[in-house]
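*Asks:* Here you go, sequence then predicted model.
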Amino acid sequence: MDKVRVRFAPSPTGFLHVGGLRTALYNYLFAKKNNGSFILRIEDTDKNRFVEGALESLVDMLDTMGLIHDEGTFTNHEIQTIYADKPRINPAEATVSKNYPSLVEIGEYGPYIQSERLPLYKKYAKKLVESGAGYYCFCSTGRLAMLREEQIENKLPAKYDKYCLSLSPEEIQERLKVRAPHVIRLNISDERGDIVFGDLVRGQVTIHARDIDDQVLMKSDGYPTYHLANVVDDHLMEITHVIRGEEWLPSTPKHILLYEAFGWKAPAFAHLPLLLNPDKSKLSKRQGDVAVEEYLKKGYLKEALLNFIALLGWNPGAGNTQEIFSLAELVQTFDLRNVHKAGAVFDLKKLDWMNAEYIKKLSPNELYQRVKSGNFLEKDLIKEASQEMQTEEYLKRVLLIERDRLTKLSDVGDNNPFFFASDLMYHATLLNWKENTKEMTQEALQKAHKILSELSNADWVSKETVEKVLMRAAGDPAHSQDGSAAGRSRGDFLWPLRVALTGVQHSPSPFEVAWVLGKEESLKRLEKALKKLS
RNA sequence: GGCCCCAUCGUCUAUCGGCUAGGACAGCGGCUUUUCAAGCCGUUAAGAGGGGUUCGACUCCCCUUGGGGCUACCA
C-alpha cells in the first residue's frame, strides 16, 4: 500500500472552529497511526470571504494544540519555535509564500496554498473542456435563479439545465473572444446512472447522476471552486485518504466523477459525523463558542479539549472504557473503524469534568505556569490584592489548595476570594459554632492565636506542620467519647477559626487557609475577629 | 421542493443475532467530614413506531416517523 498521506485543508475565513479541530485531529491521528504524513493545505479560493489574519491564526492554533504537521504551510513563528529541533524540517528548504509573506511552504508537492496554484486549475479545467467532461457556461445569475425557482416549484431537483452545452463551437469562441463572463461546468450525463462509492465510516453510498448538478468548476473570476481545486490537489499531492466532515458527503459523487474524467484513482473517503449544538443542529456560533481560541481563553486545557473532542464520534473500541487519553495514547488507539455515523452533541458539562480531571493531574509548578502564561492571574480580584498576595510563592500555595476545586484555569481565586482580601468583614453570629456562646468562641480564637503565634516562620513552610499543630489543638473527639472533654467537638475550635480566617462558611480547611495566608496575615485576621467579638 | 446521511439512558457511548442492555458525564442519595470541594459507594434513566427474516432480534431487511446535512460562480 502507498504511504498514507492525509491533509487538513482549512479556508482562511475565520478562527479555527472546534469542528475543524476535530477533523484536523482525526487526520493527524490517522496519519501518525499509519506512519503517514499530515499535510496542511490552504484553500483560499474564495476572495470574498477572506479574513485578514485568519490564515496565521489557523496555522498557529493547530500547533499550539499540538497537531504538528509534516508538510505544507507554516508560519515563520512555527519554524523558529516548534520546528526548530525537528531534523526532518529544514528551514533552509522553506519557500516564502508568494501571496502571504508571513507564511512559508515546505514539501515536495507545493505550493500548498491554492491561490498560488491557479495555472494548474486552469490547465486541468481546459483538459476537461477538451474531453467533453466540462463545458463553458455564459448564463447570468439572474437566469440561474429563475431556473431554480421554477424547478423547486415543480418539485424537481434544482440544477442547471445545460443550456450552454448546446452552444456551437463558433458561438463559444465568439463569446470568449469578447471576454464574456463565463464559468466552466462539469458535464454530468443522466446516462451515467448510479454513482457508487465506498466510505470508510459509512460503507457504500449511492447517488444517481440525475440528481447531481453540473457543478461550476471554474468561477468567472478565474478561481476554481472547492470541487475542482480539491480533486486536482488531492491527486497531485498524492493524498491517500480524504477525512472530512459529513457536510461533504453529498458532493463526493461530483468528486468521483472528476477523478473518473481525469482518469485518476480516487482516494479513500471517510466522512465524519457532525458536531452538534444542544438542539442537534450543526454546531454554530449562535449557541455558544465554537472558536478553539475561546476555549483556551476560558481556561480549558488544550489536552482536555483535544481529549474531549476525540471522543465525540469516536471510541477506543469494544470493551475499552478508558476516557482519559493523551495525544500519544490517541495515536496508539485510533481507528477509523470506531468512528460513529451519527452526529454528536458538544456537551460542555462533560468537557468541564474532563478539564477538572486534567487540572488535578498537573503538578503545582505546571499549574502555576499554565495559569500565569494563560493570563488567568490578570483579574481584579488578584491584581487588587496586597503585594505579598501576588508573589509566586503565595499564588502557588493558593493553587495547591485550589487544584482539586478548579473546573477551569480561569476560576483561580473565584471561589475563595478571602485568599486575596485585605480586610474581611465578620458577622459575629457566624463566628459561633452552632449554639456555642460568645465566650466559647473567644476562647477558641485565643487558643488558635496563641498556638499560631508560637510557630516560627520556618514552621509555616510546611503545610503539614501547621496542620498538625492546629489538629492537636482541635482535639480528637475519638479520645473523649466519655464526655471528659465536656462534649467539645472539633467544630468548637475549627469553625471559629475558619470564619476568622475567611469570613465565610464555605472554604477549604482552616489548616490550609492558615498555611496559605501565612503567620502574619493569619494572626491579623484572628485579632480582628476577636475584636469584633468583644 | 429535490437528494443524501443518521436513529441505544438528558448527553457521549459499548453491544458486530443470545441482554438480567454495560461504562462515562450530568442528576439524585449516602459515606467521609469543622464547612465547601475532592474522594468513595449506591441509584434514577435508553434500544422511535410498524412489518418482515430467524429457534431467537437493539443488532439483518423494508416501510413510517423523527433529526440532520446538502441543494451557491462558499468552503
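*Replies:* Nice, I can see it. Residues are numbered from 1 along each chain as shown, chains lettered A, B, ... in the order given.
*Asks:* Residue A:473: how many residues sit nearby?
*Replies:* Neighbour count of residue A:473, defined by other C-beta atoms under 10 Å: 17. For the C-beta atoms, the positions are set from N, CA and C on the backbone; glycine is no exception.
*Asks:* any idea how far residue A:533 is from the residue nearest to it when sequence neighbours are not counted?
*Replies:* Among residues not flanking residue A:473 along the chain, residue A:451 sits closest, at 5.2 Å (C-beta to C-beta, 6 or more residues apart in numbering). Distance, residue A:451 to residue A:533, by C-beta to C-beta, to the nearest Å: 18 Å.
*Asks:* same thing with residue A:243?
*Replies:* To residue A:533, residue A:243 is 68 Å away according to C-beta to C-beta.
*Asks:* more neighbours, the two?
*Replies:* residue A:243 (26 against 16).
*Asks:* how would you label that one: helix, strand or coil?
*Replies:* With DSSP: H, G, I helix; E, B strand; the rest coil as the basis, residue A:243 sits in strand.
*Asks:* What of residue A:185?
*Replies:* Three-state assignment for residue A:185 (three-state DSSP): strand.
*Asks:* List the contacts of it.
*Replies:* Contacts for residue A:185 were tallied using C-beta atoms under 8 Å, 6 or more residues apart in numbering; they are A:134-137, A:160, A:164, A:214-217.
*Asks:* Quick check: of these, which has the highest neighbour count?
*Replies:* residue A:217 (27 neighbours).
*Asks:* Find the residue ranges of the stretch 151-300 of chain A scoring beneath the pLDDT cut-off.
*Replies:* Applying pLDDT under 70 to the stretch 151-300 of chain A flags no residue at all.
*Asks:* swap the cut-off to 90 and go again
*Replies:* For the stretch 151-300 of chain A, the stretches flagged by pLDDT under 90 are A:190, A:285-289.
*Asks:* what ranges do the strands span in it?
*Replies:* A:183-186, A:194-199, A:203-208, A:216-218, A:241-245, A:268-272, A:275-276 (DSSP state E, counting those that start in this stretch).
*Asks:* which one of these lies closest to RNA strand B?
*Replies:* strand A:216-218 (3.4 Å; C-beta to the nearest atom of the strand).
*Asks:* Tell me the helices and strands packed up against the closest one.
*Replies:* helix A:118-131, strand A:183-186, helix A:226-236 (3 or more C-beta pairs under 8 Å, 6 or more residues apart in numbering; DSSP states H and E).
*Asks:* hmm, it touching RNA strand B?
*Replies:* Yes - applying C-beta under 7 Å from any atom of the strand, one finds strand A:216-218 in contact with RNA strand B at residue A:216.
*Asks:* mind listing what's buried in stretch A:450-468?
*Replies:* Residues A:452, A:455, A:460, A:463, A:465-467 are the ones in stretch A:450-468 that count as buried (16 or more other C-beta atoms under 10 Å).
*Asks:* which among those residues gets closest to residue A:394?
*Replies:* Of all the buried residues of stretch A:450-468, residue A:394 sits closest to residue A:460, with 11.7 Å by C-beta to C-beta.
*Asks:* show me the contacts for the closest one.
*Replies:* Here residue A:460 is in contact with A:466, A:515, A:518-519 (C-beta under 8 Å, 6+ apart).
*Asks:* Quick one: buried ones out of those?
*Replies:* Buried among the contacts of residue A:460 (16+ other C-beta under 10 Å): A:466, A:515, A:518-519.
*Asks:* Pull the contacting residues for the spatially most central residue of chain A.
*Replies:* The centroid of chain A falls nearest to residue A:292 when counting by C-alpha atoms, centre = their mean (3.8 Å). With contact taken as C-beta under 8 Å, 6+ apart, residue A:292 is in contact with A:15-18, A:20-21, A:61, A:65, A:305.
*Asks:* One more: residue A:332?
*Replies:* Under the criterion of C-beta under 8 Å, 6+ apart, the neighbours of residue A:332 are residue A:33.
*Asks:* got the residues of the stretch 1-150 of chain A near RNA strand B?
*Replies:* Residues of the stretch 1-150 of chain A found near RNA strand B (C-beta under 7 Å from any atom of the strand) are A:9-11, A:13, A:43, A:45-46, A:48-49, A:139-141, A:144, A:148.
*Asks:* Which of the contacts of residue A:292 fall in strands?
*Replies:* Of those, none are assigned to strands by DSSP state E.
*Asks:* ok, of these, which one's closest to RNA strand B?
*Replies:* For the contacts of residue A:292, the nearest to RNA strand B is residue A:20 (9.2 Å; C-beta to the nearest atom of the strand).
*Asks:* quick one on the thing from earlier: generate CSV for the strands of the stretch 151-300 of chain A, with distance to residue A:29 as supplementary columns.
*Replies:* Formatted as CSV, the strands of the stretch 151-300 of chain A follow (distance: least, C-beta to C-beta, whole Å):
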stretch, distance to residue A:29
strand A:183-186, 33
strand A:194-199, 18
strand A:203-208, 21
strand A:216-218, 32
strand A:241-245, 9
strand A:268-272, 12
strand A:275-276, 16
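*Asks:* Residue A:103: which of those is closest?
*Replies:* Of these, nearest to residue A:103 by C-beta to C-beta is strand A:241-245, at 22.5 Å.
*Asks:* Can you give the contact residues for the closest one?
*Replies:* A:4-6, A:19, A:23, A:26-27, A:30, A:200, A:234, A:267-272, A:274, A:336.
*Asks:* what's the angle from it to helix A:226-236?
*Replies:* Interaxial angle of strand A:241-245 relative to helix A:226-236 (axes from the mean of the first three to the mean of the last three C-alpha atoms, to 10 degrees): 150 degrees.
*Asks:* just the angle between strand A:241-245 and strand A:194-199, please?
*Replies:* Using the same axes, to 10 degrees: strand A:241-245 against strand A:194-199 is 90 degrees.
*Asks:* I'd say residue A:184 and residue A:136 touch.
*Replies:* Yes - using C-beta atoms under 8 Å, residue A:184 is in contact with residue A:136, at 6.0 Å.
*Asks:* Mutual contacts of the two, please.
*Replies:* residue A:129.
*Asks:* Strands along the stretch 1-150 of chain A, start to end?
*Replies:* Taking DSSP E, counting those that start in this stretch, the strands of the stretch 1-150 of chain A run over residues A:5-8, A:37-40, A:71-75, A:95-96, A:103-106, A:134-137.
*Asks:* quick one: contacts for residue A:311?
*Replies:* Residue A:311 neighbours (C-beta under 8 Å, 6+ apart): residue A:323.
*Asks:* Got the confidence number for it?
*Replies:* On pLDDT, residue A:311 comes in at 97.
*Asks:* cool, and residue A:487?
*Replies:* 49.
*Asks:* re the thing from before, a markdown table for the helices and strands packed on strand A:216-218, including distance to residue A:248?
*Replies:* Output for the helices and strands packed on strand A:216-218, formatted as a markdown table (distance: least, C-beta to C-beta, whole Å):
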| stretch | distance to residue A:248 |
| --- | --- |
| helix A:118-131 | 19 |
| strand A:183-186 | 16 |
| helix A:226-236 | 9 |
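*Asks:* out of those, which comes closest to residue A:490?
*Replies:* Here helix A:226-236 is closest among the helices and strands packed on strand A:216-218 (C-beta to C-beta), at 68.5 Å.
*Asks:* Quick one: work out the angle between the closest one and helix A:118-131.
*Replies:* Helix A:226-236 runs at 100 degrees relative to helix A:118-131, counting by the same axes, to 10 degrees.
*Asks:* Burial check on the closest residue to residue A:436 other than its chain neighbours, number of neighbours?
*Replies:* Among residues not flanking residue A:436 along the chain, residue A:492 sits closest, at 6.2 Å (C-beta to C-beta, 6+ apart). Residue A:492 is flanked by 22 other residues according to other C-beta under 10 Å.
*Asks:* State the helix or strand in which residue A:492 lies.
*Replies:* Using DSSP states H and E, residue A:492 sits within helix A:490-502.
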